[in-house]
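Q: Here is a sequence with its predicted model. Questions after.
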Amino acid sequence: MKFSVRSCASVLAVVALSSVALLSQAQGSRTPKNIALTEDGFPYVRGEYLVKVRSSDALERLLGNQYESVGAVSRKVPVLNAKSGTWYKINLSDDYKLREAILSARESADVIYAEPNYIYHTTSLNEKNLPAPGRNGKGGPDYKEIPALPNPPVADPQLSNLYGLSKIGAQQAWQVSAGSSKVLVADIDTGVDYNHQDLINNMWRNPGEVVGDGIDNDANGFIDDVVGWDFRDKDARPFDDNSHGTHTTGTIAATGGNGTGISGVAQQASIMALRFLGGSQGSGTLEDAIKAIEYATDNGAQIMSNSWGGGAYSQAMFDAISRANDKGILFVAAAGNSGTDNDSKPTYPASYQLPNVLTVAATDSADKLASFSCFGAKAVHLAAPGVKILSTTPGDKYASLSGTSMATPHVTGAAVLLKAAYPKMTAKELKAVLMDSVEQLPSLTGKVSTGGRLKISKAFAISRSMFGEPNSGN
Ligand SMILES: [Ca+2]
Ligand SMILES: [Ca+2]
Ligand SMILES: [Ca+2]
């Protein structure tokens, strides 16, 4: 495959290193530790790149050619099977030849794409101020027994503190649909405190997997994956070491009506916890993000919630989200917190032009666009509450956080409510209904493509006229 002069030039620009920035990045971030910056300011894992080839033979030829010239080691990690080829991660013995390696790979007839192993971050402002939850060594604590829910339901004591639910009309929507355990949502994040008293009932339990027997019972390639997977630490306990993922999960679907704490936008759902971000920085790699998206795609998720971003355009991630699109999975993404225009300065994954990507800006309790929120008259679709949002944090606790990270799970939870009421609704239809039903706000005119903020109660009125009576029960 030939690469245009333009694409080669952009690779040159992207992979040229800045040693000053490299030093500043290395300080204070524990893992992933070997971080460098492209000239455009995108962090990546030093000495690593992703390459898409048509065959394993092509990969061997590439590595053979690169062994002498740039020191590519033969350890190759398969990352993603895409339509037109397979992505692998390649390690170099030294980072300073990464640019040369990517350029020579791109010139090879065997290679379809090559790009750095970018780093992504959570898109919230202040979770670093929260006490860091402990992890019980590698992998987090054992799974607790799932408690029985009160019957009839008991009101959640902190419901009145959730202005976001009032703004979007969640309580009215619950008259039609409160969610369903049949709707499987992947929270792709820093992991989840899956034992949290307000989350445990809504965590996915992989029906094909037996806990802790050391056997991959459902033969999906992951041993003992009961509530999801930890791609960062490569184990079956995606416990949250940061608070961010537990917080986003609570906004999607903290258990409603259990007489405890809060409720999510959906009172009921099945949350698949996929951890690829972590540490105090809430960071993770392109490689692990793709593996998490692929796991969700292949294991039945209907919606993916993505409160993270920050990388450059990645063809590998585009391919992964494209696979999810082919399977009809909605991909909800945070617009970002740099307060900039995504139309002129795209941020990813929010800005991928794919039919299943739904991008969310943040508003506050006065319905103003948050000062930190990215926007985009074309690239950002709608807004949702994302300033001072109360939700779950590890250890049966609750705290308020701000960010487009907090707006995104409001939209995800709304999609759960719709999917529970209309199980046949496709990702495209979910996206269209959520966009068509926004509440128009003057503060959002010209800032998001719909000019409005999520209004789930209105989404049900539209759905009824388009798709008929909703499913009752769960
Ligand atoms: Ca398994
Ligand atoms: Ca097992
Ligand atoms: Ca609750």
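A: Noted; the coordinates are in hand. Ligands and ions are numbered 1, 2, ... in the order given.
Q: in the protein, what residue is nearest ligand 3?
A: Residue nearest to ligand 3 within the chain: D156 (4.0 Å; Cβ to the ion). For glycine as for every other residue, the C-beta is placed from the backbone atoms N, C-alpha and C.
Q: quick one, what contacts the closest residue to that residue other than its chain neighbours?
A: Excluding the flanking residues, the one nearest D156 by Cβ to Cβ, 6 or more residues apart in numbering is S263, at 4.8 Å. Taking Cβ atoms under 8 Å, 6 or more residues apart in numbering as the criterion, S263 is in contact with 156, 159, 162, 165, 254-257.
Q: quick revisit: tell me the confidence at the residue of the chain closest to ligand 3?
A: On pLDDT, D156 comes in at 98.
Q: what's the neighbour count on the residue in the stretch 251-400 of the chain that ligand 2 sits nearest to?
A: When scored by Cβ to the ion, the stretch 251-400 of the chain has N299 as its residue closest to ligand 2, at 14.2 Å. Using other Cβ atoms under 10 Å, N299 has 21 neighbouring residues.
Q: again with V70
A: Neighbours of V70 (other Cβ under 10 Å): 21.
Q: Please state the backbone phi and psi of it?
A: Dihedral angles of V70 (phi, psi; degrees, to the nearest 10) stand at phi -130, psi 0.
Q: tell me the contacts of it?
A: By Cβ under 8 Å, 6+ apart, V70 lies in contact with 92, 97-98, 100-101, 104.
Q: Narrow the residues you listed to just the buried residues.
A: With burial judged by 16 or more other Cβ atoms under 10 Å, the buried subset of the contacts of V70 is 92, 97-98, 101, 104.
Q: What's the separation between the residue of the chain closest to ligand 3 and F222?
A: For D156, the distance to F222 (Cβ to Cβ, to the nearest Å) stands at 33 Å.
Q: more neighbours, those two?
A: More crowded of D156 and F222, by other Cβ under 10 Å: D156, with 22 against 19.
Q: What ranges does the stretch 101-250 of the chain have for its helices?
A: Applying DSSP state H, counting those that start in this stretch to the stretch 101-250 of the chain gives helices spanning 163-168, 170-174, 244-253.
Q: Confirm for me that A186 is in contact with M272.
A: Yes: at 4.5 Å, A186 counts as touching M272 under the criterion of Cβ atoms under 8 Å.
Q: hey, what's in contact with both of the two?
A: Contact criterion Cβ under 8 Å, 6+ apart; residues shared by A186 and M272: 228, 296, 301.
Q: Is the first one in contact with K291, as I believe?
A: It refers to G228. No: assessed by Cβ under 8 Å, G228 is found out of contact with K291, at 11.9 Å.
Q: Between these two, point out the one with more neighbours.
A: The residue with more neighbours, out of G228 and K291, is G228; 29 against 23, by other Cβ under 10 Å.
Q: Roughly how far does the closest residue to the more buried one other than its chain neighbours sit from G451?
A: Using Cβ to Cβ, 6+ apart and skipping residues adjacent in sequence, the residue nearest G228 is A273, 3.7 Å away. From A273 across to G451, the span is 34 Å (Cβ to Cβ).
Q: Those two - which one has more neighbours?
A: Neighbour count, other Cβ under 10 Å: between A273 and G451, A273 has more, with 30 against 18.
Q: Which neighbouring elements make contact with the helix or strand containing the more buried one?
A: Secondary structure from DSSP states H and E places A273 in strand 268-275. Counting contacts by 3 or more Cβ pairs under 8 Å, 6 or more residues apart in numbering; DSSP states H and E, strand 268-275 packs against strand 179-189, strand 228-230, helix 244-253, helix 286-298, helix 404-421.
Q: hmm, who's touching stretch 197-206?
A: Stretch 197-206 is contacted from outside by 144, 146-147, 149, 181, 184, 192-194, 218, 225-228, 246, 249-250, 253-255, 258, 260-262, 264, 268-273, 299, 392, 396, using Cβ under 8 Å, 6+ apart.
Q: again with stretch 361-377
A: Contacts for stretch 361-377 (Cβ under 8 Å, 6+ apart): 125, 163, 167, 335-343, 347, 350-351, 359, 380, 382-388, 402-404, 406-407, 441, 443-444, 446-449, 453.
Q: buried set for that stretch?
A: 361-364, 367-370, 372-376.
Q: I'd guess L354 is in a strand, am I close?
A: No: applying DSSP: H, G, I helix; E, B strand; the rest coil, one finds L354 to be coil, outside a strand.
Q: ok, so what distance separates the residue of the stretch 251-400 of the chain closest to ligand 2 from S405?
A: In this structure, N299 and S405 are 24 Å apart, going by Cβ to Cβ.
Q: what about the residue lying closest to F467 once chain neighbours are set aside, distance to ligand 2?
A: Setting aside the residues directly before and after it, F467 is nearest to Y422 in space (Cβ to Cβ, 6+ apart), at 5.2 Å. Taking Cβ to the ion, to the nearest Å as the measure, Y422 falls 34 Å from ligand 2.
Q: Need the pLDDT of Y422.
A: For Y422, pLDDT reads 97.
Q: What of the one 5 residues further on?
A: As predicted, A427 sits at a pLDDT of 97.
Q: check contacts around it.
A: 303, 325, 328-331, 355-356.
Q: and which of those residues is nearest to G311?
A: Ranked by distance to G311 (Cβ to Cβ), the contacts of A427 are led by F331 at 15.0 Å.
Q: Surely that closest one is in a strand?
A: Yes: assessed by three-state DSSP, F331 belongs to a strand.
Q: to the chain's geometric centre, what's the distance from stretch 250-260?
A: Mean C-alpha position of stretch 250-260 versus that of the full chain (Cα atoms, centre = their mean, to the nearest Å) differs by 21 Å.
Q: Name the residues of that stretch that are buried.
A: Buried residues in stretch 250-260, counting neighbours by 16+ other Cβ under 10 Å, are found at 250-258, 260.
Q: which residues does the residue in the stretch 301-450 of the chain positioned nearest to ligand 1 contact?
A: Among all residues of the stretch 301-450 of the chain, A301 sits closest to ligand 1, at 14.8 Å; criterion: Cβ to the ion. Contacts for A301 (Cβ under 8 Å, 6+ apart) come out as 184-186, 272, 329.
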